[in-house]
Structure formats: structure tokens, C-alpha cells
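Participant: Sequence first, then the predicted structure:
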Amino acid sequence: MKYISTRGQAPVLGFEEVLLAGLASDGGLYVPEQLPSFSKEEITSWRGLSYADLAFKVIQPFVAGAIADADLKTMIDDTYKVFRHRAVAPLQQLDSNEWVLELFHGPTLAFKDFALQLLGRLMDHVLAKRGERLVIMGATSGDTGSAAIEGCRHCEHVDIFILHPYQRVSEVQRRQMTTVLADNVHNIALEGNFDDCQQMVKDSFANQAFLKGARLGAVNSINWARIMSQIVYYFAAGLALGAPDREVSFSVPTGNFGDIFAGYLAKQMGLPIQQLVVATNRNDILHRAISSNDMSRQGLVHTLSPSMDIMVSSNFERMLFDIYGRDGAAINDLMQRFRNESVSLDPARWESVRELFDSFCVNDDDTVATIAEVHAETGYLLDPHTAIGVRAARACRRDNHVPMVTLATAHPVKFPDAIIKAELQTPALPEAMADLFERNERYQVLANDLQQVQGYMAATLKI
Ligand SMILES: Cc1ncc(COP(=O)(O)O)c(C=O)c1O
Ligand SMILES: N[C@@H](CCOP(=O)(O)O)C(=O)O
């Protein structure tokens, strides 16, 4: 399997290099040159597989040749063995044909664990084989950071620096990151927002001199291996609900567009998906882009769903690459303009986007109201991100005969503010992190300044 950049100028790479590369050298994102697809018969034959066995079926074609099948299988098995639910990604029914797919049973209580617990293993495996070391730089609005740290804390060949927006993540999220005191783990609280953190990571890929030859890697969904692992649970949910003989729809709480892009790929790969609903909070550039062809940046606002406080959604570029007929020059031009001005798609391309996605924006009041409403209807407690997904699903649903699945992207215990506003009881932390609030923290507050951050990293690494 070969991988190409969405901007057409970076070298074509194999899986191992893509795994370690993160962002492409032309500023683009890597995608497979050719997407694998599965026949109806093949998908049918996967019924009844365990989550780990299904993950191997879906992931193997992306990795083929780079990592031996037996090693890949062991890493996948080890990854999903530690999830707290035996089904790994169980479905909960809210109403007739209305479901939530619980993606928060991993070690850090958010959907990021599905990819990041595997990513750490894949990276360490490849780095050990090559005798190399990797400096990871990641940006987080709260969940990627803790999942990446958990996935890398035991890696022998990785140093990881995670940037989170200072005082803009929940206390549980911050402590999940900052109480990991392993020598290779470094937390930076940046005096800025998530977009600033993400831009700093991208700028560091563009200019790596500060690392004096050390290799820079990524754990955000700019890394292709993240997306690849997230495709699996769409197949798992679809199969459980009757696919491929029956269509399924998904509503996805969206920020960086990685999770919904994985759903889009599952559809291209053969899963019969009827609707893909992009659910946003008030940072609604994706909803505006899809519903009214308006890709103008507005000031980022702090919401009750902080993990989705994102304006610049990296993976939208991967989808636009397909929409523009995989024309790297056109995407390069569009993304350069997007950096400095409001852009819109040409009408035919926009129409194609509208055919692929529905979208809906949910404000804080409606997020809280949905948490309260669903709890009153069913006794089920949604986290605020999932509540946005459920609200959007109910608003956008076209066909009641098709199961509608909202991705439950985080456990409600991570976001007590929204639960308290809904006048409900915050659940207790799982046993493994019951003492989270007593643990010591370590993190560095830094100004929103590239030189300062890069200087801090170089000094910490003693290079
Ligand atoms: C809890 C939660 N829900 C939803 C999202 C949105 O996912 P994505 O960025 O893949 O669109 C994120 C992070 O971005 C998240 O942490
Ligand atoms: N919500 C994310 C934001 C980063 O998204 P990613 O999927 O690109 O890593 C977070 O929790 O950090």
C-alpha cells in the first residue's frame, strides 16, 4: 500500500514511513493511493467476529507488507484486551432504531483510545526494528492528549510532548495527562486555544531545525494510522445492526473531522451507510461549510463540549481532496487561501459535499437540554459531545426504518460541568483512576510563541 499527500508535492511513502511521518513535507495529509474495498460477501463473512479479529480484517490491507501479519495481530489483540467492556464498542439502544455506540471503554475514557493505544504499539515496534527514536508533538483539546500519553508512556523509543490550551480542558482531562510522570512524557499548557496548539505542531513540522536532526512524529489525526484504526468501529456497529444487508446511519460529534472522515471511508470501502451527520457545537465552521458553503473562520468560543472547540478541522482537507478529483494543486491553492481568508467551494464541489453529509450545530443550552431529555426518557447519561450527536441525529434523520447510531465519544465523568447544568449526578471515576484528584501533576505553562515552545522542547530533550 502506497500513500500520497493531499497537496501532491511530498514523496509517495509506504506504511512504515507514513506512520512515522505525521504531516507530509508539503503541508498536506497522507491518504492511501487506492482505498481497499470489501465485497458484500466478505463483509457478511465477518459477522460474529470479536472486535479485535474484525479490526485485523479492516486494518491489515492498509499495513500489508510493512508489518508481519502475526505481529500486527498481536498488537491489535493487546490493544483491545485492556478495554473495560468485553464487546469493546458496545451499542446501547435509546429508542426504536436509535442507538449510541459507546467508544469510551478504553483506558482514558474517550474514543481516541481505539487508535492511540494501537498507534503507540505500532510506532514502538517499527522504531525498535529500525533502531530509531521519535519525538512526538501533539495538540489536544483534552482527549487525544491523555490517550496518546497512555499509549506512549511505556514506549522505549518515543519522547512525547503534548500541548493543551491552558485552562481550557476539563480538570479530569488535564489530570489524566499531567499526572503521568514518566520520563518520556511532557505536558505543555499553552496560553492559547486548540487551534493555536495545532498550528504550532504544523509549523514545527514545516521547520524542524530546533530538533537538530531528531525525527518528529504526530499522534493527531493528521497521522494516517489514527484514521485507519477508527474505520473499524463503523463496521462493528454496522454488522451488529444487520449490515451489509441493511443500511445504517451515523451521527458523529465533530471537531477535527477525523472521526467522521473514518465513517466516510467505511462507506467507500463497502459498508452501506445511508446518512453521515456532522454534529458540531457553536464552533460550527463544518456545519456552515456543509450547509451554506461558508468556510469563514470565526473566533473560537469556549463551550460545554471543550474537546470540540476547534475551528480549523485538519481532516476536512482529506475529504476535499477526493471531492476535487484528487487534484493536489487545487487543494494546495484552496488551503493556502484558507489560511488567510474566507473561502468557499465551487458550486458543483459543494453539491458533492452536501450529498455526502448532513450537518447540524448545537449550542450549550440545547446540549444540556438533550442530556436531561435523554436521561428522563431512558435513564441513560450522555456526555456533552455525545449529546450534540444525539441532538443532530434527531434533527437530521431522514428514514426511521434505518438504524441511526450516534458515536458516544467520551464518558460523562470527564465533563461534570455539563452534567451538573443538566441537574444530574456525575458518575464516579472508574476504579483504576479513583485517586486521580490526589495524584501529583507536572506540566509547563508557556506563552503562545513558537520559539518558546520549540526552545523548551530542545532544552528538555537536551539537544
Ligand atoms: C469527546 C470528543 N468528541 C468528539 C470529538 C471530535 O472528533 P474529531 O476531531 O475526530 O472530529 C473529539 C475530539 O476532537 C472529542 O474528544
Ligand atoms: N478533540 C481532540 C482534538 C484533536 O483531534 P485529533 O483527532 O486530530 O487528535 C482532542 O481531544 O485533543
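Facilitator: Now that the structure is in, tell me what you want to look at. Residues are numbered from 1 along each chain as shown. Ligands and ions are numbered 1, 2, ... in the order given.
Participant: how deep is G48 tucked in, by neighbour count?
Facilitator: Neighbour count for G48, taken as other CB atoms under 10 Å: 8. Backbone N, C-alpha and C define where each C-beta goes, glycine included.
Participant: does it sit in a helix, a strand or a coil?
Facilitator: Using DSSP: H, G, I helix; E, B strand; the rest coil, the structure places G48 in coil.
Participant: Can you give me the distance of R337 to ligand 1?
Facilitator: Per CB to the nearest ligand atom, to the nearest Å, R337 is found 23 Å from ligand 1.
Participant: what sits up against the helix or strand encompassing that residue?
Facilitator: Secondary structure assigned from DSSP states H and E places R337 in helix 328-340. With contacts defined as CB atoms under 8 Å, 6 or more residues apart in numbering, helix 328-340 is touched by 4-9, 26-28, 295, 317, 320-321, 324, 343, 345.
Participant: what about 7 Å?
Facilitator: By CB atoms under 7 Å, 6 or more residues apart in numbering, the residues outside helix 328-340 that reach it are 5-9, 28, 295, 317, 320-321, 324, 343.
Participant: Show me which of the residues you listed has the smallest pLDDT value.
Facilitator: Lowest pLDDT within the contacts of helix 328-340 is found at V343 (92).
Participant: which strand residues sit across from that residue in the sheet?
Facilitator: M295 (DSSP bridges).
Participant: mind listing what the residue lying closest to I136 once chain neighbours are set aside touches?
Facilitator: Spatial nearest neighbour of I136, excluding adjacent residues (CB to CB, 6 or more residues apart in numbering): I160 at 4.3 Å. Applying CB under 7 Å, 6+ apart to I160 gives the contacts 136, 138, 148-149, 152, 184-186.
Participant: Which of these sits closest to ligand 2?
Facilitator: Distance to ligand 2 across the contacts of I160 (CB to the nearest ligand atom) is lowest for G138, with 7.0 Å.
Participant: How many neighbouring residues does the closest one have?
Facilitator: 26.
Participant: can you tell me if the helix or strand hosting it touches ligand 1.
Facilitator: According to DSSP H and E, G138 maps onto strand 134-139. No - under the criterion of CB under 6 Å from any ligand atom, ligand 1 is not reached by strand 134-139; the shortest gap measures 10.4 Å.
Participant: Just want the angle from the longest helix along the chain to strand 134-139.
Facilitator: When the chain is parsed with DSSP state H, its longest helix is helix 112-130. Counting by axes from the mean of the first three to the mean of the last three CA atoms, to 10 degrees, helix 112-130 lies at 160 degrees to strand 134-139.
Participant: Could you name the helices and strands sitting against helix 112-130?
Facilitator: Other elements packing on helix 112-130 under the criterion 3 or more CB pairs under 7 Å, 6 or more residues apart in numbering; DSSP states H and E are helix 15-21, helix 69-81, helix 143-152, helix 224-230.
Participant: as a whole number, average confidence for that helix?
Facilitator: On average, the pLDDT along helix 112-130 is 98.
Participant: Next, the buried residues of that helix.
Facilitator: Buried residues in helix 112-130, defined by neighbour count with 16 or more other CB atoms under 10 Å: 112-127.
Participant: out of these, who's nearest ligand 2?
Facilitator: Nearest to ligand 2 among those: K112, at 6.3 Å, using CB to the nearest ligand atom.
Participant: Quick check, the closest one in contact with E150.
Facilitator: No - look at K112 against E150 with CB atoms under 7 Å: they stay out of range, at 9.3 Å.
Participant: if you skip the residues just before and after it, what's nearest to S39?
Facilitator: Nearest non-adjacent residue to S39, counting by CB to CB, 6+ apart: G270, 6.8 Å away.
Participant: Return the per-residue confidence for the one you found.
Facilitator: We have a pLDDT of 98 for G270.
Participant: I'd say it and S37 touch.
Facilitator: Yes - when contacts are counted by CB under 7 Å, G270 is listed as touching S37 (5.1 Å).
Participant: Could you check which of the two is surrounded by more residues?
Facilitator: Per other CB under 10 Å, whichever of G270 and S37 has more neighbours is G270, with 19 against 11.
Participant: So the more buried one, which state does it fall into?
Facilitator: coil.
Participant: show me the contacts for it.
Facilitator: Residues in contact with G270 (CB under 7 Å, 6+ apart) are 37-39, 43, 244.
Participant: Restrict those to the buried ones and give me that as a ChimeraX selection.
Facilitator: Typed into ChimeraX, the line below selects the buried ones among those, using 16+ other CB under 10 Å:
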select :38,43,244
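Participant: now the strands for this protein?
Facilitator: 3-5, 30-32, 91-95, 98-102, 134-139, 158-165, 185-191, 215-217, 248-253, 273-280, 358-361, 404-408, 444-447 (DSSP state E).
Participant: Any chance of these in CSV with distance to ligand 2 as columns?
Facilitator: Output for the strands of the chain, formatted as CSV (distance: least, CB to the nearest ligand atom, whole Å):
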stretch, distance to ligand 2
strand 3-5, 17
strand 30-32, 14
strand 91-95, 22
strand 98-102, 17
strand 134-139, 6
strand 158-165, 8
strand 185-191, 13
strand 215-217, 13
strand 248-253, 9
strand 273-280, 12
strand 358-361, 17
strand 404-408, 13
strand 444-447, 18
